[in-house]
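Q: I need the structure of the sequence given here:
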Amino acid sequence: MKKKCKIILILFFVLLACTKKTSLDKNINSSADSLPTYLSLANENNLPLQIKQNYCQKALTIILSQKDDSINKANLFKVANRYYNMSDWKAYLKTTKLILERAQKSNDSVHIAKAYMYLGDYYESQSISDSAFMNYFKAEKLYLKTNDQYNLAKTFLNKASLQYNEGDFFESEIGVFKALRSLKKQEKVNDLYYESYNLLGILYNEREEYTKALEFQNKALAILQDKSILSFYQYKAASLNNIGFIYMNMGDYKQAKFFFEKGLEQENLFEDRASLYAILLDNLAYSKFKLKEKDQLPDLFYRSLRIRDSLDIASGVVSSKIHLSEYFAFQKDTFKAFQFSRQALTLSRKSNKFINTLEALKQIALVDPTHASVYSEEYIKLNDKMVKSERKMGEKFSRIEYETNEIKDQNSNLQDKNKTLIYVFSICTLIGLFFYVYKTQQAKNRELLFKQQQQVANEDIYNLMISQQNDIELTRIKEKKKVAQDLHDGVLGRMFGVRISLDSLDKVDEAEAAPKRKKYLSELKNIEQDIREISHDLNREKSDLINNFIAILNKLFEDQQNTYEAKLIVSFDSNIKWELVSNAVKINLYRIVQEALQNCNKYANANTIKVEFKSEIDHLVLSISDDGVGFNAKRSKDGIGLHNIQYRAAECKGTVTLKSAKGEGTLLLIKIPIDQKINLQK
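A: Have a look, this model is predicted:
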């Protein structure tokens, strides 16, 4: 008996859980081209299915032409709702997948989660429980992430309903209590509280914990005092049916009858929920049958059967025919009893619902005892199959949760590994950057130190040149004084004496003056010679000034010859006007010669070294060559010595040419641009 009633309960709960909320706009806008009008017309129950589908398609066309934003997605959900309500599953699935695709493209987690919920509803309507569970579970994860407790509770309830339908009562109960925990701090959620208490009542009824079942069904019924819960869904009639069903299972058919009759008294029940009306009729008829009340029987059974048949509710039709078989068996009408049981069995096998087939087998075995063993054997096999199927589905649900969590954990681990790699890479980059900065700074410091050392060396050379210049200047001053003294004391005095003497000859006769004039002319020649000697001394002073830089170089060459065995050959082009070459160029030339000689001494192992200063058009050329061992010039361009030479040549805006090969000696050529009008003699 309990199994027969269970069929009715399962049918009722599935229909109750799957039904979408609708909002019928009675005041249809006169403009048939507006989106709200199309959506409203698509939801009008009085219109034929094809017309409603056309309105839905028009609404969808308008929505797809609009900008893809949150309002656009909300309108798409409205279209999906209307397809759901008219059971156009293909269009419903297509619209929902479109919403999911758009939401994923815009990374809109709110609408992604809602789309998963809608997909779960689709697969549940098609009895594809594992796919439904998977989508509900995906929605659950997103709602957990966004902390959307209201929708999270709805997801828990959808999963719990699915688990109940698959016979996984324990996990279903856990899911309901998860939903209740999510609703604790929420306001205006009595509709979800109702669904939670109602499902708990059904679960405890299945486990034959009737006291708890009644407790939660009464809680659900009490919540319906909230006027915000729409009467359109006939929740009160559903609760009264469920309470009556509990009493039916307890064997208290009188109380059961009371609640079924009360449920049927609800206003507009048949118009709003014809399927629920049929369930109440069938349950009332069965209660009367058990109470042996013959009034309205079997008419109530037939009325329920006709409604279910018109609504194409296969499981409901099976239940009605099983009850009619029981009724006629009690009335000793074995033909009708067998006929209805046989029809119920045939239809249940087509519907592929194990519970319906089991109830039909159980009934036909009673009314067809000759084949009872065959039916019983089939019953046992099918029952085992159902138990295995329920266990398998429960395991599948658990595996879906586990694998999804496993994937999430793997993704989390992968993210952690990626973060670790990023951290390691960042640290290595920072360390590398630190060493780069350190090395760069170190190189800059070395370069600065080198410049400072060069500056000190330049200052030493400059001071040496100044010192020698001062010595020459002192000598020049002394020479000037000496020349002045010689001119004043010697030449001028003598010239004055000769002039006086010559003047005196005018007073003497020619014969006496002639030998004296000759004597005085000879004296003038001597004075001329003295002046010439003084002039030569001045020229030697100028040459000393010019040869100041050359003297410094010669000192360097003298030290080279005294220290090393290699023969040194030096030549200076006389066309070079050294007095017009800047001190900066002279200092750098000195340093280049010094560095080149040092390199020859260290590495060349030469017998002869040549240093030449030559004048070319617009250039001063320094050539330093040796007949040493030589080297591979292409591989040895990064030496510090060569770098210093290149640096000094660059300061003079000159160029460096290095020619060398192993066993062929080395030639270093420095060309410094010089303005010939200023620095060189043409």
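Q: Around the residue nearest to A220 when sequence neighbours are not counted, how many other residues sit close by?
A: Closest residue to A220 apart from its sequence neighbours, by CB to CB, 6 or more residues apart in numbering: Y197 at 3.8 Å. The way it works is simple: take the backbone N, C-alpha and C, and place the C-beta from them, glycine included. Residues near Y197, counting by other CB atoms under 10 Å, number 22.
Q: I'd like the distance from Y197 to L224, if you could.
A: 10 Å (CB to CB, to the nearest Å).
Q: again, but for K90
A: Distance from K90 to L224, by CB to CB: 36 Å.
Q: higher neighbour count, those two?
A: Shown here are K90 and L224; by other CB under 10 Å, L224 has more neighbours (17 against 9).
Q: That one and Y235 touch, don't they?
A: Yes. L224 lies in contact with Y235 (CB atoms under 8 Å); the separation is 5.6 Å.
Q: okay, and the common contacts of these two?
A: In terms of CB atoms under 8 Å, 6 or more residues apart in numbering, L224 and Y235 are both contacted by the residues Y194.
Q: does Q339 sit in a helix or strand, and which one?
A: Using DSSP states H and E, Q339 sits within helix 334-351.
Q: Who are the packing partners of that helix?
A: Packing partners of helix 334-351 (3 or more CB pairs under 8 Å, 6 or more residues apart in numbering; DSSP states H and E): helix 314-330, helix 354-367.
Q: avg pLDDT for the shortest one?
A: When you say that, I think you mean helix 354-367. The average pLDDT within helix 354-367 is 79.
Q: just checking, what packs against that helix?
A: For helix 354-367, the packing partners by 3+ CB pairs under 8 Å, 6+ apart come out as helix 2-18, helix 314-330, helix 334-351, helix 372-485.
Q: Compare the mean pLDDT across those helices and name the weakest.
A: Lowest mean pLDDT of the helices and strands packed on helix 354-367: helix 2-18, a mean of 41.
Q: Where does pLDDT dip in the stretch 451-600 of the chain?
A: The model of the stretch 451-600 of the chain has pLDDT under 70 over residues 451, 453-513, 520, 523, 530, 533-548.
Q: which ones are touching K671?
A: Contacts of K671 by CB under 8 Å, 6+ apart are E616, H619, L620, V621, G654, T655, T657.
Q: now, which of these sits nearest V110?
A: T655 (72.3 Å; CB to CB).
Q: Now that closest one: closest residue in space that isn't a chain neighbour?
A: That would be K671: by CB to CB, 6+ apart, it lies 5.1 Å from T655.
Q: What helix or strand is that neighbour located in?
A: Element membership for K671 (DSSP H and E) is strand 666-673.
Q: buried sites along that strand?
A: Within strand 666-673, the residues that qualify as buried are T666, L667, L668, I670, K671, I672, counting by 16 or more other CB atoms under 10 Å.
Q: Stretch 288-302 too?
A: Buried, per 16+ other CB under 10 Å, within stretch 288-302: K288, F289, K290, L297, P298, L300, F301.
Q: Contact partners for the fourth one?
A: Under the criterion of CB under 8 Å, 6+ apart, the contact list for L297 reads A285, K288, F289, Y327.
Q: out of the residues you listed, who's nearest N165?
A: The nearest member of these to N165, counting by CB to CB, is A285 at 25.2 Å.
Q: quick check, the closest one in a helix?
A: Yes. With DSSP: H, G, I helix; E, B strand; the rest coil as the criterion, A285 is part of a helix.
Q: Not counting sequence-adjacent ones, nearest residue to it?
A: In space, A285 is closest to L300, 3.5 Å off (CB to CB, 6+ apart).
Q: average pLDDT across the strand or helix carrying the one you found?
A: Using DSSP H and E, the element containing L300 is helix 299-311. Averaged across helix 299-311, the pLDDT comes to 90.
Q: for that helix, packing partners?
A: Against helix 299-311 (3+ CB pairs under 8 Å, 6+ apart) you get helix 274-290, helix 314-330.
Q: Tell me which stretches of the stretch 551-682 of the chain form strands.
A: With strands called from DSSP state E, counting those that start in this stretch, the stretch 551-682 of the chain shows them at 567-572, 608-616, 619-626, 655-660, 666-673.
Q: Distance to N165 for those strands - can I get that in a markdown table?
A: Below are the strands of the stretch 551-682 of the chain laid out as a markdown table (distance: least, CB to CB, whole Å):
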| stretch | distance to N165 |
| --- | --- |
| strand 567-572 | 110 |
| strand 608-616 | 105 |
| strand 619-626 | 101 |
| strand 655-660 | 92 |
| strand 666-673 | 97 |
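Q: so which of those comes closest to T370?
A: Of the strands of the stretch 551-682 of the chain, nearest to T370 by CB to CB is strand 655-660, at 119.8 Å.
Q: how much space between the residue nearest to A220 and A103?
A: 33 Å.
Q: Check E44 too.
A: 29 Å.
Q: between the two, who's got more neighbours?
A: A103 (22 against 17).
Q: Quickly note the distance from that one to N158.
A: On the measure of CB to CB, A103 and N158 end up 19 Å apart.
Q: now do L305
A: With CB to CB as the criterion, L305 and N158 are 31 Å apart.
Q: N205 too?
A: Counting by CB to CB, the separation of N205 from N158 is 20 Å.
Q: D333 too?
A: The separation that D333 has from N158, given CB to CB, amounts to 44 Å.
Q: Looking at the two now, which is surrounded by more residues?
A: N158 (25 against 15).
Q: Summarise which helices and strands whichever helix or strand Y55 is part of is packed against.
A: Assessed by DSSP H and E, Y55 sits inside helix 49-64. For helix 49-64, the elements it packs on are helix 35-42, helix 70-85, helix 89-105, judged by 3+ CB pairs under 8 Å, 6+ apart.
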